[in-house]
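In: Next come a sequence and a model predicted from it.
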Amino acid sequence: AVVGGGADGEVGAIAEVVAPARRRTDGGCASVLMEVSDRELCRAAGHTTLKRYYAQELRLGAAEAKRRLAVAEAITPAMAMTGQKLPPKREPLAAAVASGVVSADHVYEVELIMAKVPRAASVEDVDTAVAILTEAAREMAPAELRPIGQRLLAHLDPDGELSDAVA
């Protein structure tokens, strides 16, 4: 064990350093994933999609590859067709991951919630929901975001009129 001989306070202090470092690493991993995508390295390795590359070539499995792709798409700058870098889709989350206070698991939970927001919701409402969830993620475990997400979704579409369902 790396810290096996340390006093309790020392081990606790190490844990408080390692946890944010791990969360910042999530952001680095997301950046690498998007760079692999931008360079189309998955095709060079014989895979038809980025998800398959991560699932098969890197042996992460389909579920983990899907999760990592969703996280990367949320918190890393995107490449426009013109080659211009666009800001991350979820800028508040990207900043929170970069500062080490929010993890990839938090980002994935937020993305699961935001996937349920009706397309008819305003950009301002979506941005506000992301900001609220990001602030909550700074203080809560990923699964604890679900009830907040349910309340936000009920607020965004209280009578079900914004539903994406086809009539």
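Out: Looks like it arrived, so ask away. Numbers count the residues shown, from 1 in each chain.

In: what packs against the one helix or strand V36 maps to?
Out: Of the helices and strands defined by DSSP states H and E, V36 is found in helix 8-38. In this structure, helix 8-38 packs against helix 50-52, helix 62-75, strand 78-79, helix 91-98, helix 104-114, with contacts taken as 3 or more C-beta pairs under 8 Å, 6 or more residues apart in numbering; DSSP states H and E. To be clear about C-beta, it is placed using only N, CA and C from the backbone, and glycine gets the same treatment.

In: tell me the angle of the last one relative to helix 8-38?
Out: This points to helix 104-114. Inter-element angle recorded for helix 104-114 and helix 8-38: 60 degrees (by axes from the mean of the first three to the mean of the last three C-alpha atoms, to 10 degrees).

In: Just give me how far helix 104-114 sits from the chain centre.
Out: The gap between where helix 104-114 is centred and where its chain is centred comes out at 5 Å by C-alpha atoms, centre = their mean, to the nearest Å.

In: Next, the buried residues of the following helix or strand past that helix.
Out: On the C-terminal side of helix 104-114, the nearest following helix or strand under DSSP H and E is helix 123-137. Taking 16 or more other C-beta atoms under 10 Å as the basis for neighbour counts, the residues of helix 123-137 that come out buried are 125-126, 129-130, 132-134, 136-137.

In: who touches the lowest-mean-pLDDT helix or strand in the chain?
Out: Of all the helices and strands that make up the chain, strand 78-79 has the lowest average by mean pLDDT, DSSP states H and E, namely a mean of 84. Residues external to strand 78-79 that are found in contact with it (C-beta atoms under 8 Å, 6 or more residues apart in numbering): 34, 38, 85-86, 88-89.
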